[in-house]
Every structure is written in C-alpha cells, then in structure tokens.
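Here is a sequence with its predicted model. Questions after.
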Amino acid sequence: MNNLSRPTLTTAQHLTEWVSHKCDLPHRHTLIERLDCEAGFSVVRSKISSGRVLREVCQHEGNERTLVITFGLSGQSEFLDRTGNRLHFSANQTTVSVFQEGGGERRYAADKQTQQLRLVVSESALRRYIGPQRCDQLLGKPLRHNESFRQLSHVNSRASQHLSFYKHPWVGEQDGLRQRIHALSLLGEQLNLLTPAEGQKERIIGRDVDLLERIEAYMRARLDQPLNNAYLCAKLGISEYKLKGCFRQAYDTSPAQHLLAMRMQRAQELLAAGYRVSESAYQVGYQHPNNFTAAFTKFFGCTPKSVRGAH
C-alpha cells in the first residue's frame, strides 16, 4: 500500500487538507488525493489513465490489519499479489478487502480512465468505531503468512448521497466538518451492511437480497417516471409490508428516500456530463426544474448549476 493509501495520524489542522500526488506524462495521467479524517481513517480518491497497459509495483506493510473499501466509479483494475492471487475492481462495484503486509502489482487497462474512491481504516480505528466484537467478526481470522490480502465482498454499489458527495471535483472546497461527516457516514453505511450492530433488525436474507436488487433495477430503469409504493408493489407483485421491510433491513431507510438518493445521484452524473438543469430534471422525474433545484440543493447542499460541467 503506498503512502497515499495508508491511514495516518491526523490533527485538526489537517482535516481540511487533501494531500495530492499528480503525474502527467505523454501516455499516462495519474491523480491520487488523500484526506486524513481521523487517526487511522483516510479517504483516497484516484483517477488514472494510460495509453498502454499500466503496471505499478506496490508494497503495503504494517503491524495491524487495514480494512479497505473500494468504490469503482469508472473503468476497471486489478491487484495481483506475489503468490498470484487477484483482487478485481470494477465500475459500479464495491470491493471490501483486508490488507496487512506484502507486495504486488496494480494493473490498469489501456486507453480507459479508472476512477476509484477508497475508505482506508486501520484495525485500531475500526475497534474504536464498532467495538472489538464486531471488528473481529468483520476482519475474521488473522491473515496467514502467505496472505497479503483477503477479499470480504464484491457487490454492486448502492445509491448513497455520501458516495455522491465524494464523486465531485469540488469536494475539496467544502468545509472540513462536512467532508468528515460524509466520510464517516459512508463508512457507517458500509459497516452496517457488512456487520449489523447488535440490536438492529435481522440482516436481510438471501432471497430478499435478490428481490431488493430486482426492485432497485426497476427503479433505476424508470427514474424519469412517477413511482410510489403502490405502483412498485403492483408491478413487482409484492406487498407494501415486504417492500418497506427490504429497504428498512438493508439500508435503514424507506423506498421513497432510497429512490430520491438514486434520482439525485443520476442527476449529479448528468449535470457533471454537461446536461442542462432542465434536461437533468426531466430525466429523473421532475416536471418543474424549480422543484428539482430545491430538492437537489437540499440533498447535496449545493445548486445544480454549480455542478454542471464539472470534471
């Protein structure tokens, strides 16, 4: 793990400071940014493109294990350790893994931009956040001497306003407290999916995971249409009790709030790609741009115009 990917001790002074490494060569462009939120917890954003297949040798070391949650934003890459084990990263996928020490090679495809967001948490920080019992449950047994990493999960990324917040170039212009709140909230969402806290609703069971994915796919394909619980239940052949229960158990939220997050995330992508505010509004189900602007501003804390065309 390189220096920008390793969580470090931090102070209040460093809370609003992103540490950046930039490399611009004729056939390679790399930008890696790290924000140290707290002792042992960092957020890392990376944007890498190359005119040829890119291979980077990397080394990670430490006295304790490190949890790495990687959100694929675009493109794909893989990590290959010295024993030949592979860890894949893809767009719209969330990969959770544990590292401690070892080395390997990162590989990126040619002529494709790869963007990723990583939450990097040391074992000691994880114990502070969720306690020793949940930490041990999540990380599992100690890594063996020939294990440089262990993959815990690789699933479709869920809609999240906190993930959307960190996708934007202007995130570094937000105040330090806001950045820290979104980082901790995003981490909390993922930890609750991986290891629900004692006393929470029973974790969503396998067949309900399939149902939830079907509901989300239906929503995502019809963001421009008016959707409500009754309509979804009728079209998908489920009860409202089941519909609400799936979202409550998986996300601790309602179907309507989850749909709103999906619409705002899609609108954010359209605006960043250069679509007009009115066009973006219509594509996510708003007939009146003013209503869309109000909803977007409330959700993200910034106006749609401030996002449009940002790269």
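Thanks, I have the structure now.

shaky segments in the protein?
For the chain, the stretches flagged by pLDDT under 70 are 1-16, 197-206, 309-311.

Let me see the ranges of the strands in it.
Counting by DSSP state E, the chain has strands at residues 18-25, 28-38, 41-50, 54-60, 66-74, 76-81, 86-90, 93-99, 102-108, 114-122, 149-156.

and Leu232, which of those strands is closest to it?
Nearest to Leu232 among those is strand 149-156 (18.9 Å), distances taken as CB to CB. The C-beta positions use only the backbone N, C-alpha and C, and glycine is treated the same way.

in that closest one, what counts as buried?
Neighbour-count burial for strand 149-156 flags Phe149, Arg150, Leu152, His154 (criterion: 16 or more other CB atoms under 10 Å).

Could I get the contacting residues of the closest residue to the second one other than its chain neighbours?
Beyond its immediate neighbours in the sequence, the residue positioned closest to Arg150 (CB to CB, 6 or more residues apart in numbering) is Val98, lying 4.7 Å away. When the contact criterion is CB atoms under 8 Å, 6 or more residues apart in numbering, the partners of Val98 are Arg65, Thr66, Leu67, Val68, Leu139, Gly140, Leu143, Phe149, Arg150, Leu152.

Ok, Arg55 next?
With contact set as CB under 8 Å, 6+ apart, Arg55 has these partners: Glu105, Arg106, Arg107, Tyr108.

Once you drop chain neighbours, what's closest to the second one?
So the one you mean is Arg106. Glu56 (4.5 Å).

tell me the contacts of the one you found?
Neighbours of Glu56 in contact, by CB under 8 Å, 6+ apart: Glu105, Arg106, Arg107, Tyr108.

Tell me the one among those residues nearest to Pro196.
Arg106 (32.1 Å).

end-to-end on stretch 18-38?
13 Å (CA to CA, to the nearest Å).

now swap in stretch 272-281 and tell me
13 Å.

got the buried residues for that stretch?
So for stretch 272-281, counting by 16+ other CB under 10 Å, buried means Ala272, Tyr275, Val277, Ser280, Ala281.
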